[in-house]
Each structure stands twice: as C-alpha cells, then as structure tokens.
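# Got a predicted model here, sequence first, then my questions.
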Amino acid sequence: MKTFVFLFPQFKFCAPKEEVYFKMLGETELRTSRMKDSNSRNKDKEKDKDKKSRLSLLLAKSGSHENVSPEKKPSAKSNNVPPEEALRWSDSFEDLLGHPDGVEAFTKFLRTEFSEENIEFWLACEDYKSTESATKLLSKAKQMYAIFIDSEAPKEINIDHSTKQAIEKNMAHPTQTCFDTAQTKIYALMKKDCYPRFLTSDIYLMLTKRKGPVAMTRRRSRSFVFSERGETTTAWL
C-alpha cells in the first residue's frame, strides 16, 4: 500500500492515504463547525445588544422631564422652585403635572416609593399620542410595550389583564389611542393614591418651606348674623 507523507504535526508522517484524507476532512468540518458556532454567538450578542438599545431608548427620554435611574442622583433643579409656585401644585393634580418642575418633584417622590414607572408611562403616553408618523408610531408602541406592558417588562405597570390584552392585540397595527385606557387608569391611580402622599412628603414640604402638611385652603365668605335686638353683625366663614 502506498503511503503519504504529510508535513503537519497533528498527523503521522507516514500513514495510509485514506487515513490522512479522512483526518483532513474531519479537521475541516471541525473548523467549519466552530466558525458557525462563533458566528451564531456573535449574532445573538448583536440581537441582545440591539434589544437593550431599543429598551433603553424610551427610558432615556420621557416627555418633559429627564428620566433618571434610582441609582443616579436626581436633578436639583426642583429645589429652586419658588415656594409660592410649589404651593399652587396643591390646588389640583392637573396643576402639578402641568408644570415641568412639578413633574420632576413628583417623579423624585415616586422613586422613594419605587413606583416611578407610573409617571414614566404617563409621560411616554403623552409623547406617543403626539406622534404622527406611522413608522415612528409602530416603533414607539413596541418600545412602550416591551418596557411597561409585557409580563417581563423592566418597568411593568399595574393594569388589569383585559387592558393588557387589548394593547397586545393592537401591537401589529398600533393607533394613537391604543394606550389611552391604560394611561387613564395609571393617571387615576397616581391622583388617588400617590398625589395625597406627595403633598405630605418631605420633598414637597421642603419646596414650600413648610414644616407641616399643606392644608387645602378656600376663600372665606362674609355672612350676616342677626341678634335678638335686630342688630346685624358681620361674620367671616
């Protein structure tokens, strides 16, 4: 039988030709397999990187305030709000959310309760409803679903199952109103549950320069009281 001399250390210097051939074939297949595995892992990493990038896109920008993670120090801008301006926020929840500094102070408070996802979702909805481009609408809808709605969302909001299902059905062809129901429910939750606690929090009291809870004030009205002698006196109520 003829022998084949192969000048590579991984093979015998003298081996049957068929044996050398199959060893070479095996090495080639092994290298090809390793290259495929490496390419597959690289693609998976790119997908994960792209997904994380998309998930962080909305978190980096949420409407009228800068969204800061709990680990980062919040902006001190709200500390410069005039006390008389901050006092107006106690008139209504709408007045609070209508002021950028009010939103920032309220967000800071929600972080202390680990519920900042509520205001972030509400702000994201406000931005979403102002989007006119169908392409951007689809992109934002998917981002919002991944961040706030999905069962594994990093900032999942507390909404009922039927509302969540309705949003999921609209993801293929989202409209400007597909998050409206969820936004309304989160708004009501913040107004009824979080807003009253915010008005008694240290964060708000520091802004208003008060040491105690802000009392809901009303304008006094003048009334006339008649005495037994028929005389009238003025009383303030």
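It's in.
# Outline the domain layout of this structure.
3-54, 64-208 (automatic domain parsing).
# I figured residue 109 hits residue 203, correct?
Yes - between residue 109 and residue 203 there is a contact under Cβ atoms under 8 Å: 4.9 Å. Every C-beta, even on glycine, is put in place using the N, C-alpha and C of the backbone.
# Give me the more crowded residue out of those two.
Taking other Cβ atoms under 10 Å, residue 109 and residue 203 do not tie; residue 109 has more neighbours (21 against 17).
# all strands in this structure, in order from the N-terminus.
3-5, 14-16, 222-226, 232-236 (DSSP state E).
# Mind telling me which of the ones you listed the model trusts least?
Lowest mean pLDDT of these: strand 222-226, a mean of 41.
# what pLDDT does residue 189 get?
97.
# got the contact list for it?
118, 158 (Cβ atoms under 8 Å, 6 or more residues apart in numbering).
# Next one: it from residue 180, what distance?
Applying Cβ to Cβ, to the nearest Å, the value for residue 189 to residue 180 is 15 Å.
# And for residue 169, the neighbour number?
The burial count for residue 169: 10, using other Cβ under 10 Å.
# er, residue 153 I mean
By other Cβ under 10 Å, neighbour count at residue 153 equals 15.
# That one touches residue 147, doesn't it?
Yes - contact criterion Cβ under 8 Å: residue 153 and residue 147 qualify, at 5.6 Å.
# in stretch 117-133, what counts as buried?
By 16 or more other Cβ atoms under 10 Å, the buried positions in stretch 117-133 come out as 117, 118, 119, 120, 121, 122, 123, 124, 125, 128, 131.
# So which of the residues you listed are in helices?
Mapping these onto helices (DSSP state H) picks out 117, 118, 119, 120, 121, 122, 123, 124, 125, 128.
# nearest to residue 208, of those?
residue 119 (20.0 Å; Cβ to Cβ).
# contacting residues around that closest one?
Per Cβ under 8 Å, 6+ apart, neighbours of residue 119: 103, 106, 107, 110, 190.
# and the third one, how many residues sit next to it?
Taking other Cβ under 10 Å as the neighbour definition, residue 107 ends up with a count of 22.
# separation between the closest residue to it other than its chain neighbours and residue 126?
Leaving aside its sequence neighbours, residue 107 sits nearest to residue 119 (Cβ to Cβ, 6 or more residues apart in numbering; 5.1 Å). Noted for residue 119: a distance of 11 Å to residue 126, by Cβ to Cβ.
# Please name the residues that touch residue 112.
Shown in contact with residue 112 (Cβ under 8 Å, 6+ apart): 201, 203.
# give me that answer again for 10 Å
Shown in contact with residue 112 (Cβ atoms under 10 Å, 6 or more residues apart in numbering): 70, 197, 198, 201, 202, 203.
# would JSON lines of the residues you listed with pLDDT and distance to residue 91 be doable?
Output for the contacts of residue 112, formatted as JSON lines (pLDDT from 0 to 100; distance: Cβ to Cβ, whole Å):
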{"residue": "70", "pLDDT": "36", "distance to residue 91": "29"}
{"residue": "197", "pLDDT": "97", "distance to residue 91": "17"}
{"residue": "198", "pLDDT": "98", "distance to residue 91": "13"}
{"residue": "201", "pLDDT": "96", "distance to residue 91": "17"}
{"residue": "202", "pLDDT": "95", "distance to residue 91": "21"}
{"residue": "203", "pLDDT": "96", "distance to residue 91": "18"}
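# Most neighbours among these, which one?
residue 198 (22 neighbours).
# Comparing the domains of the chain, which yields the minimum mean pLDDT?
It's domain 3-54: among these, that one has the lowest mean pLDDT, namely a mean of 54.
# No further questions, thank you.
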